[in-house]
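**Q** Quick one: sequence plus predicted model below, questions after.
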Amino acid sequence: MAVPEFFNSIEQSGLSRWIRGGSDVFAFYLFLLFHAFGLALVVGGNAVVDLRILGVARDLPLKSLTWLFGMMWAGFWINAASGIVLLIAYPTKAFTNPVFYAKLTLVALAMITMRRMQIRVFDPSLSEAAMIVKGKTLAKWSLVLWTGAITTGRLLAYTYTYLLYGFRAAG
């Protein structure tokens, strides 16, 4: 596979080198921490809503969880911003890895599922029972998609062919 020279241009930029550990060796880990924090907000909120729809904590009114969508959207935007920064650090590593595209696809599908749930299930005109009926399939898909997104995200650390432009992974 021919790796585009454009990735090398990004990797040689001051921003990319700083993120990877130029003058501040903690920059990469700070952005990784924000990525994990965003993940906790978006996936944690989704898991709470999904599990409630699927019957966990039945005494908790489903409508009382509406506020979690704001938290989930905040988590998504934190993840999007920190993910772009992490991508700037290692564009060759990400863009030459098919697992990266699988992760992005799963995240996109999970976010579409979340948005559908927000619109269709958390409709103020619906009763609790109607919300559960409308939400069960979406909740199951949400759990599967987020599990897949997290798994593929973790696999990115182990499945790359190139770490940086011109440097193939050992083994």
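**A** Alright, I've got the coordinates. Numbering: from 1, shown residues only.

**Q** all contacts plus neighbour counts: C-alpha atoms, from now on.
**A** Fine.

**Q** Could you list the buried residues of stretch 144-164?
**A** 145-149, 152-153, 156, 159-164 (16 or more other CA atoms under 10 Å).

**Q** Need the max-distance pair from the residues you listed.
**A** Maximum pairwise distance among these (CA to CA): 29.2 Å, between 145 and 164.

**Q** What segments of the chain are helices?
**A** Assigned by DSSP state H, the chain shows helices spanning 5-11, 14-20, 27-53, 68-89, 91-95, 98-116, 128-155.

**Q** Minimum distance to residue 170: which of these has it?
**A** helix 91-95 (13.2 Å).

**Q** distance between the closest one and the chain's centre?
**A** Remark: helix 91-95 is offset 17 Å from the chain centroid, using CA atoms, centre = their mean, to the nearest Å.

**Q** just checking, what packs against it?
**A** Counting contacts by 3 or more CA pairs under 8 Å, 6 or more residues apart in numbering; DSSP states H and E, helix 91-95 is packed against helix 5-11, strand 162-164.

**Q** 10 Å instead?
**A** Judged by 3 or more CA pairs under 10 Å, 6 or more residues apart in numbering; DSSP states H and E, helix 91-95 is in contact with helix 5-11, helix 68-89, helix 98-116, strand 162-164, strand 167-168.

**Q** Can I get these in CSV including distance to residue 136 and mean pLDDT?
**A** Listed next are these as CSV, based on distance: least, CA to CA, whole Å; pLDDT from 0 to 100:
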stretch, distance to residue 136, mean pLDDT
helix 5-11, 43, 95
helix 68-89, 17, 98
helix 98-116, 12, 98
strand 162-164, 41, 91
strand 167-168, 45, 84
